[in-house]
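>>> sequence first, predicted coordinates after that:
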Amino acid sequence: MPERNPETHVIDFRAAEQLLAARDPRGAVKLLDSVIASHPENTAARLLRARAFFAAAQLRPAELEFELVLEREPDNAFAHFALARTFERAGHPERATRHFRLAAALDPNPEYVRAARFDTEG
C-alpha cells in the first residue's frame, strides 16, 4: 500500500464526496476511515462520514458522528438538522424535534423551519 500523506488524504476526502454524490456511501466511508484515523480532529471529514453512514442506513454510527461534530461545533445548523433526520429515521421523534428546532433557530433555512414544526405542540 502506498504511503499516506496529507495530499493523499485530501484526494481521499474529495473522492469520498464524489462517491457519496454517486450514491456509494459505503465506498465513501471506507475512504474516510483512513482520513479520520490520521486526522481525528477533522470535523469536515467526520461530517461527511456521518452523512455517508446515514445514506447507508447505518443510523447508530451516523448519530455518533453527528453528535461528535456538534460537540465541536454546537452552532452547526446542518449537523443539528441531519442528526434530527437520523433520530426521525430511527424512530425517535421526540429527540428529532429538539434538533430540528435547534437547526431552525440557528439558520432560518425554509427546510429547517418546516421540519421544526413550530406551529405544532411537541
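That came in fine, so what should we check first?
>>> what's the helix or strand where residue 32 lies in contact with?
In this assignment (DSSP states H and E), residue 32 forms part of helix 25-38. For helix 25-38, contacts defined as CB atoms under 8 Å, 6 or more residues apart in numbering pick out 4, 9, 12-13, 15-17, 19-20, 42, 45-46, 48-49, 51-56, 58. All C-beta atoms are positioned from the backbone trio N, CA, C, and that covers glycine.
>>> buried ones in whichever helix or strand residue 8 is part of?
If you go by DSSP H and E, residue 8 is part of helix 6-21. Residues 9, 12, 13, 16, 17, 19, 20 are the ones in helix 6-21 that count as buried (16 or more other CB atoms under 10 Å).
>>> residues in contact with the fourth one?
Residues in contact with residue 16 (CB under 8 Å, 6+ apart) are 27, 28, 29, 31, 32, 35, 48, 49, 52.
>>> also the first one?
Neighbour list for residue 9: 34, 35, 38, 39 [criterion: CB under 8 Å, 6+ apart].
>>> among those residues, who's most crowded?
residue 35 (23 neighbours; other CB atoms under 10 Å).
>>> measure it to residue 64 for me?
17 Å (CB to CB, to the nearest Å).
>>> so residue 104 makes contact with residue 119?
No: Residue 104 is beyond contact range of residue 119, at 11.8 Å (criterion: CB atoms under 8 Å).
>>> okay, those two: which has more neighbours?
Taking other CB under 10 Å, residue 104 and residue 119 do not tie; residue 104 has more neighbours (23 against 7).
>>> and the more buried one, what does it touch?
Residue 104 neighbours (CB under 8 Å, 6+ apart): 77, 112, 113, 115, 116, 118.
>>> and the pLDDT at the residue nearest to residue 90 when sequence neighbours are not counted?
Closest residue to residue 90 apart from its sequence neighbours, by CB to CB, 6 or more residues apart in numbering: residue 59 at 4.7 Å. As predicted, residue 59 sits at a pLDDT of 98.
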